[in-house]
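[1] Give me coordinates for this.
(one chain, ligands or ions: 1)
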Amino acid sequence: MSDSIFSRIIRREIPADIVYEDERLIAFKDISPQAPVHVLFVPKQHYSTLNDVPASEAELLGRMMLAAADYAKTQGFADRGYRLVMNCNREGGQTVFHIHLHLLAGRTMDGGFG
Ligand code: AMP
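    Okay, here's the model as predicted:
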């Protein structure tokens, strides 16, 4: 069993503001939001980084993106826009080694990625 902080959220061992859950995914608000909307979409299956996800899990990665888009639609900001980001490893800015997709919205994102 994985001991990532996100696995502990999935097991309800530590609290989180959960906004979506299905059999394969959970989504909760980021504890340190970088935008008015900042939600993390996290697979229940633990993979440390995107590099560790096998091709057989392509559907899982697609589900993460579609769940984020559905959330944007139901929350009413899909047409205004949002940003999806997945960081990979240290130089990619990854700090939690359990893959997750950031959904950022509610402010204008600049054109860069810094
Ligand atoms: P990353 O740097 O891409 O690995 O993103 C990790 C994200 O997880 C950061 O934006 C953190 O603010 C967020 N985070 C860390 N611990 C928690 C937590 N307990 N609940 C919610 N978000 C968290």
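
[2] alpha carbons only for contacts and neighbour counts from here, please
    OK.

[3] what's the nearest residue to residue 21 once chain neighbours are set aside sitting at in phi/psi?
    Among residues not flanking residue 21 along the chain, residue 27 sits closest, at 6.3 Å (Cα to Cα, 6 or more residues apart in numbering). Backbone torsions of residue 27, given as degrees, to the nearest 10, read phi -140, psi 140.

[4] let's number from 39 now, not from 1
    Got it, the first residue is 39 from now on, which makes the last one we talked about residue 65.

[5] could you dump the longest strand along the chain to CSV, C-alpha only?
    Counting by DSSP state E, the longest strand found in the chain is strand 75-81. Taking Å, rounded to 0.1, in the frame of the first residue of the first chain, the C-alpha atoms of strand 75-81 are listed here in CSV:
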residue,chain,number,x,y,z
VAL,A,75,-9.8,27.5,-8.4
HIS,A,76,-7.0,24.9,-7.8
VAL,A,77,-8.1,21.3,-7.8
LEU,A,78,-6.0,18.2,-8.0
PHE,A,79,-7.3,15.1,-10.0
VAL,A,80,-5.6,12.0,-8.6
PRO,A,81,-5.8,8.4,-9.5
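
[6] contacting residues around it?
    44, 62-68, 98, 102, 105-106, 136-144 (Cα atoms under 8 Å, 6 or more residues apart in numbering).
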